[in-house]
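> dropping a prediction and its sequence here:
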Amino acid sequence: MRAGRQEGFSYLALLFALAIFGVGLAKIGPLSSQLTRRDAEAELIRTGLEVERAIASYYYSSPGTLPTLPRTWDDLLEDRRFVTMKRHLRRIPFDPVTRTYDWGMEEIGGGMAGIYSRSDAAPLRRRPIELERSTTGGEHYSDWKFVFIPSEAKR
């Protein structure tokens, strides 16, 4: 047998292996993307609840008889209403969906009552999510509002 008759067999096997590898990667891509979006949704919920708790902490620690809501992020980061500064949040949280620090604000009486993501993307979860005090859900991430409502608050 001559060696020349088997030329190209390794090349053909390599092409076949690459084709199978490419099909495998094509199947894994959407799954990876979906897992990333699911993680971003979970992080959005965790962050929203964290900010909601920080607003409640600010509200309940108000000096005097009339509790107030924070006006800006700075009030949550550095509460200077007391002799010693109090921090309800360490830093402005990162929005995992828009990948920015730009949050939408919900206001009640001129005070910051909650936040929401500014993303118009459709979430993976279609059913409302029951949280501590509120129900979150909607057609877009921007419909997921994390709001502290003082009249419904319980200590």
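On my side now, so go ahead.
> going by C-alpha atoms from here, please, whenever you check contacts or count neighbours.
Noted.
> what's the first helix or strand after the helix or strand bottoming out on mean pLDDT in the chain?
Between all helices and strands in the chain, the lowest mean by mean pLDDT, DSSP states H and E belongs to strand 135-136, at a mean of 64. Going down the chain from strand 135-136, the next helix or strand is strand 145-147, by DSSP states H and E.
> list the helices and strands that following strand packs on?
With contacts taken as 3 or more C-alpha pairs under 8 Å, 6 or more residues apart in numbering; DSSP states H and E, strand 145-147 sits against helix 9-60, strand 111-116.
> which of those comes out lowest on mean pLDDT?
Lowest mean pLDDT of these: helix 9-60, a mean of 88.
> and the angle for it with strand 111-116?
160 degrees (axes from the mean of the first three to the mean of the last three C-alpha atoms, to 10 degrees).
> helix 9-60 packs against which elements?
Judged by 3+ C-alpha pairs under 8 Å, 6+ apart, helix 9-60 is in contact with helix 73-77, strand 111-116, strand 145-147.
> run the chain-centre distance for it.
13 Å (C-alpha atoms, centre = their mean, to the nearest Å).
> centre-most residue in this structure?
residue 44 (2.0 Å; C-alpha atoms, centre = their mean).
> how near is it to residue 58?
Residue 44 sits 21 Å away from residue 58, going by C-alpha to C-alpha, to the nearest Å.
> ok, residue 17 next?
Distance from residue 17 to residue 58, by C-alpha to C-alpha: 61 Å.
> and what of residue 95?
From residue 95 to residue 58 the distance is 21 Å (C-alpha to C-alpha).
> same question for residue 78.
Residue 78 is 10 Å from residue 58, by C-alpha to C-alpha.
> joint contacts of those two?
residue 88 (C-alpha atoms under 8 Å, 6 or more residues apart in numbering).
> with neighbour numbers in mind, choose between the two.
The neighbour comparison of residue 78 against residue 58 (other C-alpha atoms under 10 Å) goes to residue 58, with 22 against 16.
> I figured that one hits residue 70, correct?
Yes: counting by C-alpha atoms under 8 Å, residue 70 is a contact partner of residue 58 at 6.9 Å.
> which residue is the nearest non-sequential neighbour of residue 94?
The shortest distance from residue 94 to any non-neighbouring residue, by C-alpha to C-alpha, 6 or more residues apart in numbering, is to residue 101 (4.9 Å).
> what's the spacing between the one you found and residue 47?
Relative to residue 47, and taking C-alpha to C-alpha, residue 101 is found at 12 Å.
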